[in-house]
Each structure stands twice: as structure tokens, then as C-alpha cells.
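Trainee: Predicted structure and sequence below. I'll ask about it afterward.
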Amino acid sequence: MEDLAARLVRQHAETARLLGVDFVPAYKPPGVENQASEPPVAVVTPAAVALVTPATAAAPDLPRDRDASQRALDELRARYESDAPHKQFVTAHTRIVWGEGDPCARLVFVGEAPGEEEDKTGRPFVGRAGHLLNKMITGMGLQREQAYICNILKTRPPDNATPTGREIELCEPYLRDQLAIISPEVIVCLGLPASRALLRSEESMTRMRGRWRTYTLANGRQVPVMPTYHPAYVLRNYTVETRALVWSDLVLALERLGLKPPQKEAQAVS
Ligand code: URA
């Protein structure tokens, strides 16, 4: 029977492959070296990673003023801090997790709310779900810094509770302004609360994911939105099917940006 360590390594490799990342850390827990039933794990060495064509090679250089966008985001953050909408509900936060990335990103990921790691660091998606999100972004041939990553709520809910309607209502105007400043070409909503909040829909994730929707920015521009499963959900439902669905949603997002998933230059090592 497959032991836990071997299963973790195999699942990690499968996820990496499905999410388009032919990379697993060159780490193998003791005792999994010679699992006769397991195929060799595909590993991309740093040199091979450099061979992967960045998807952004094909991206048009949009004439946007990054400094102006960053200044506008900073001003909006200052307004959020002074308004402090989170003071109107119970939080378990020590830091505000505003969001980070390219202030003129073509692609924005919107999550739910910061968790423990995010609260400690003040940065979105830096915990376990964040690591998976990073792999998803890398698999798309992008770097995390090229996207913008934020949440509906900017403060950690107690016990990582799902944001309530009232909490979303209080925080959504700031997300709305944040998105208008960045003015992305595509938004990927991670999980049900983000998808429902942005799309004002009551539909299930199963119905929403994989289909293009539209979000109207505060400046009136309409942006295509792709809802997909939250990385934390993927970690909890670590099946080939779930990962394949997420990957297909991400490929749709790439296509919408006029990009293709990078060619993989994998090297098999035992
Ligand atoms: N989950 C989220 O929705 N956002 C984060 O920043 C981290 C975990």
C-alpha cells in the first residue's frame, strides 16, 4: 500500500503537472526514493525553468502609467485605513492585507479574506493556499508580480470564517475602486465568496466556474471574469478532476489575454 509520504509526493507532482508546472522541489521524504510502484517524478531544474517561454512575451506593452496607478492605490489604501470599515464588524486581524502586485496588471486574482499567514505578513495569499496560487500563476507562464492579488475583505475574520454579506457590503466599495484603478483585462475570482460578491450571483461554484461573466468597473469598463475554485478548496479536494477543472479555467483566462500556456521543458529525474 502507498504510504502517506509517497502519496504526497505523487499528488504534488500530479498537481504540478495539471497546473502546468512541471516542477516539484528536489525534496523527497525519506523512504520514498525507491517506491517501485511510483513513476519517476518530473522535475524541472532551474536551468530548464529559464527555458520556459514566459507567456508575457506575447503581451502587448500597454501604455499605462504604473507610478500614477500605484499612487492612486496608495491613496485608496489610506482612505480605507481612515474609514476602517472593518471596525464595523468583528475581526481577528493584526494587519490590513491590502493587496499586492502590478498596479497596472492585466490579470487580477480576487480571493476571499486574509488567513493567519497573510495577517502576520500583511501580504495576500502567502500561506498554503498562496503557495498553490503561486504554482498556478507559474504554470500559466507568468510571475506572481505580473498579476495583482487581493481579497474582498482586507482583514482576517475570526477563525477564518467565511465573510458575511454585511462584511462584503462594507468592504466591496474599496475592492471596486481598487479594480477600477488597476483596470485589468481579466479578473479571476478564487472561490465562491469572491465570485458571488463580484458577480452578485447566488449560483453555485459548479455552475459559475469555467464560464465567462462580466464585471463592470467603477469607471464603466466591462471586464471578463472567470470564477474558479479557491486554492484552499483544491487543497481540500485534491483530486485529479478538481485540478484539471481549475487548470482549464486558467487556460481560458490566458486565452482571453491572448496568451498561451508555456511549452514545458521538463526533465525527468528519478
Ligand atoms: N485565502 C484567501 O482568500 N485570501 C488570502 O489572502 C489567503 C487565503
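Mentor: Sure, I can see it.

Trainee: ok, now which ones touch the nearest residue to Arg221 once chain neighbours are set aside?
Mentor: Distances taken as C-beta to C-beta, 6 or more residues apart in numbering place Ser183 nearest to Arg221, at 6.5 Å, with adjacent residues excluded. No exception for glycine: its C-beta is placed from N, CA and C like everyone else's. Contacts for Ser183 (C-beta atoms under 8 Å, 6 or more residues apart in numbering) come out as Arg64, Cys104, Leu217, Asn219, Arg221, Val223.

Trainee: which of those residues lies closest to His230?
Mentor: Ranked by distance to His230 (C-beta to C-beta), these are led by Val223 at 19.8 Å.

Trainee: Work out for me the element that closest one sits within.
Mentor: Val223 is part of strand 222-228 when elements are defined by DSSP states H and E.

Trainee: Give me the phi and psi for the closest residue to the ligand within the stretch 101-250 of the chain.
Mentor: Closest to the ligand within the stretch 101-250 of the chain is Gly111: 3.0 Å, counting by C-beta to the nearest ligand atom. When quoted as degrees, to the nearest 10, the phi and psi of Gly111 stand at phi -100, psi -160.

Trainee: Could you number the chain from 45 rather than 1 from now on?
Mentor: New numbering, starting at 45: the last item is Gly155.

Trainee: Let's see the pLDDT reported for it.
Mentor: pLDDT, Gly155: 98.

Trainee: how far away is it from Asp118?
Mentor: Distance of Gly155 to Asp118, given as C-beta to C-beta, to the nearest Å: 21 Å.

Trainee: Tell me where the stretch 145-294 of the chain has helices.
Mentor: In the stretch 145-294 of the chain, the helices defined using DSSP state H, counting those that start in this stretch lie at 160-165, 172-183, 209-226, 236-243, 249-252, 275-280, 284-300.

Trainee: same for the fifth one, what does it pack against?
Mentor: It stands for helix 249-252. Helix 249-252 is packed against helix 236-243, with contacts defined by 3 or more C-beta pairs under 8 Å, 6 or more residues apart in numbering; DSSP states H and E.

Trainee: near the ligand, anything from the helix it packs on?
Mentor: No - residues of helix 236-243 are not located near the ligand by C-beta under 6 Å from any ligand atom, the shortest gap being 7.1 Å.

Trainee: Next, the angle strand 266-272 makes with that helix.
Mentor: Relative orientation of helix 236-243 and strand 266-272, computed by axes from the mean of the first three to the mean of the last three C-alpha atoms, to 10 degrees: 160 degrees.

Trainee: If anything else comes up later, I'll come back, but that's it for now.
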